[in-house]
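> Just to be clear, the model below is a prediction. Sequence and coordinates:
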Amino acid sequence: IAKGGNIKALMAELYCKETGCSKGKGGSMHVASSDVGLPGSSAIVGGTIPIAVGAALAFSMQEKDAVAVVFFGDGAASEGVFYESLNFASLKKAPVIFVCENNLYCTHLSVAACLADTDIYRKSEVFGVPGTRIDGNNVIEVYKVAKKTIEDARSGKGPALIECMTYRWRGHVGPHDDLDKGLRSKEELEYWMNR
């Protein structure tokens with residue numbers, strides 16, 4: 001939608017209709033729309049990360065003034081493909097922006113139960129890729145940091161990682177808040193909702 005895609009085609013795709021942007025073959029988990037620059041999405045945790053690096057490499061090889069941007073959750077920071085992609089993107093100075101939406105929970109676990117170091121934005125430093133952590137709920141901050149990061153990638157500075165701190169109001173799936181699972185407290189949920 002943000003890239004100018006057709007909302008009717010997207011909704012048709014979500015219902016697996018032939019009029020969908022992927023002709024009904026992608027459904028809700030594998031949406032693709034090459035006409036607006038969406039090469040594809042994947043239900044595999046971290047699966048879109050190498051796709052974005054590949055797109056960025058193609059942009060470089062074709063000498064296009066384009067930047068690939070990949071969005072993923074904090075759970076993907078536990079996947080090997082995240083680190084492999086950071087390494088390769090750095091090696092090739094690929095114009096790709098890694099955007100981690102850190103909502104503090106990997107499905108039904110605290111991110112601290114999954115990662116020995118929860119400073120995801122710093123994980124790119126070992127590959128020589130700059131990383132920054134921002135308030136993912138502050139649209140002005142997100143816009144300013146994203147704009148500068150994309151300008152840097154376009155000017156040949158290579159990849160970057162942005163960790164957007166945010167919070168999910170509902171559980172991992174469905175309409176429930178997960179408070180009954182002992183995963184988080186009502187006070188924590190209310191704190192983030194009040195922000």
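Perfect, thanks for sending it.
> residue nearest the centroid of the protein?
The C-alpha lying nearest the average C-alpha coordinate of the chain belongs to residue 71 (Cα atoms, centre = their mean; 1.2 Å).
> Could you list the paired strands of the host helix or strand of that one along with their orientation?
According to DSSP states H and E, residue 71 maps onto strand 68-73. Sheet partners assigned to strand 68-73 using DSSP bridges are listed as strand 96-102 (parallel).
> Following the chain past the partner strand, name the next helix or strand.
On the C-terminal side of strand 96-102, the closest following helix or strand by DSSP H and E is strand 105-106.
> chain center to that next one, what's the gap?
Strand 105-106 sits 14 Å away from the centroid of its parent chain (Cα atoms, centre = their mean, to the nearest Å).
> That one pairs with which strands, and in what direction?
Partners of strand 105-106 in the sheet, by DSSP bridges, are strand 109-110 (antiparallel).
> average model confidence for the strand it pairs with?
Mean pLDDT, strand 109-110: 88.
> and what of stretch 158-166?
So the average pLDDT for stretch 158-166 ends up being 97.
> Quick one: residues in contact with it.
If you take Cβ atoms under 8 Å, 6 or more residues apart in numbering as the criterion, stretch 158-166 is touched by 56, 86, 89-90, 93-104, 120-121, 123-124, 129-137, 142, 145-146, 149, 152-153. In this view, the C-beta of every residue, glycine as well, is placed from N, C-alpha and C.
> do stretch 33-40 as well
Residues outside stretch 33-40 that contact it (Cβ under 8 Å, 6+ apart): 3-5, 9-10, 21-22, 26, 30-32, 48, 51, 55, 66.
> Give me the buried subset of those residues.
Among those, those scoring as buried are 5, 9, 10, 21, 22, 26, 31, 32, 48, 51, 55 (criterion: 16 or more other Cβ atoms under 10 Å).
> In helices, which of those residues fall?
Mapping the buried ones among the contacts of stretch 33-40 onto helices (DSSP state H) picks out 9, 10, 48, 51, 55.
> Do I have it right that the third one meets residue 31?
Read it as residue 48. No. Counting by Cβ atoms under 8 Å, residue 48 stays clear of residue 31, with 10.7 Å between them.
> which residues are common contacts for the two?
In contact with both residue 48 and residue 31: 40, 41, using Cβ under 8 Å, 6+ apart.
> so what's the nearest residue to residue 27 once chain neighbours are set aside up against?
Leaving aside its sequence neighbours, residue 27 sits nearest to residue 16 (Cβ to Cβ, 6 or more residues apart in numbering; 5.0 Å). Residues near residue 16 by Cβ under 8 Å, 6+ apart: 24, 25, 27.
> what number of residues lie near residue 94?
24 (other Cβ atoms under 10 Å).
> residue contacts, it?
53, 56, 57, 59, 60, 68, 88, 158, 159.
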